[in-house]
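1. only geometry, no sequence info:
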């Protein structure tokens, strides 16, 4: 579903991403680890079409990503570190609004189903986003991705600031997305979560993907040791 071919992004004299080669298949959850400035967010922004590549290609389902091109936009959803929704609208109203923007119309029962599938408690469905915790807002973001029928979901530091319980809940939800055949590319600093949720883990350094690992074949301790050696 996702492929980077010699993907490169430079800003004047600075190379933010250097000849990245990466693939994420259907049902895979690929976690990118690395320090700030390693190239994780740049990678996601290139796939989202927020910025243009200097050279190389980013492909989604075989379609080359271009800035503001609807051809790939309809296939994807994005969950940033801070989900920006309308605080004075309820969870259900936000979901209805963003679904309609994407061309989907659902009745109330269907909207509630998306929200409960995303792990949101039923008593929070009709509450304003302003009253939600960060973890609850993340779940509404996932519900929007489900309602959009996105095949590929990008996440940038989605567990940052979540408590252990909320992180564990989020991990379960992301695993279920993979099991449902969605492809997920996640940038994270959380080594333990990357091992738990990912099918693959990549370690980036100074704009390069230095290691690509099968998550089930490495422990969190071994990954942490390799990560510290790499950075």
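-> All right, it came through fine. Everything numeric here is computed off the predicted structure, so don't read it as measured data.

2. quick one: average pLDDT of stretch 101-119?
-> Mean pLDDT, computed over stretch 101-119, is 93.

3. Could you give the separation of it from the chain centroid?
-> 20 Å (CA atoms, centre = their mean, to the nearest Å).

4. in it, what counts as buried?
-> Using 16 or more other CB atoms under 10 Å as the test for burial, stretch 101-119 gives 111, 112, 114, 115, 117, 118, 119. C-beta here means a position set from N, CA and C on the backbone, and glycine is covered the same way.

5. Surely the third one is in contact with residue 146?
-> Yes: counting by CB atoms under 8 Å, residue 114 does reach residue 146; the two are 4.9 Å apart.

6. quick one, longest helix in the chain?
-> The longest helix of the chain (DSSP state H) is helix 164-179.

7. contacts for that one?
-> Contact with helix 164-179 is made by 27-29, 118-119, 133-135, 138-139, 142, 153, 155, 158-159, 162, 184, 186, 190, 193, 196-197, 199, as judged by CB atoms under 8 Å, 6 or more residues apart in numbering.

8. Mind checking which of the residues you listed are buried?
-> Neighbour counting over these (16+ other CB under 10 Å) leaves 28-29, 118-119, 134-135, 138-139, 142, 153, 155, 158-159, 162, 184, 186, 190, 193, 196-197, 199 as the buried ones.

9. What about those, which are in strands?
-> Per DSSP state E, strands hold the following members of these: 29, 153, 155, 184, 186.

10. Just give me the closest of the residues you listed to residue 129.
-> residue 155 (18.7 Å; CB to CB).

11. Tell me what that closest one is bridged to.
-> Counting by DSSP bridges, residue 155 forms beta bridges with residue 79, residue 186.

12. hang on, isn't it packed against residue 190?
-> No: between residue 155 and residue 190 there is no contact under CB under 8 Å: 11.4 Å.

13. Tell me which residue is most central in the protein.
-> The chain has residue 155 as the residue nearest its centroid, 1.8 Å off, counting by CA atoms, centre = their mean.

14. In contact with that one, which residues?
-> 78, 79, 80, 174, 184, 185, 186, 187, 188.
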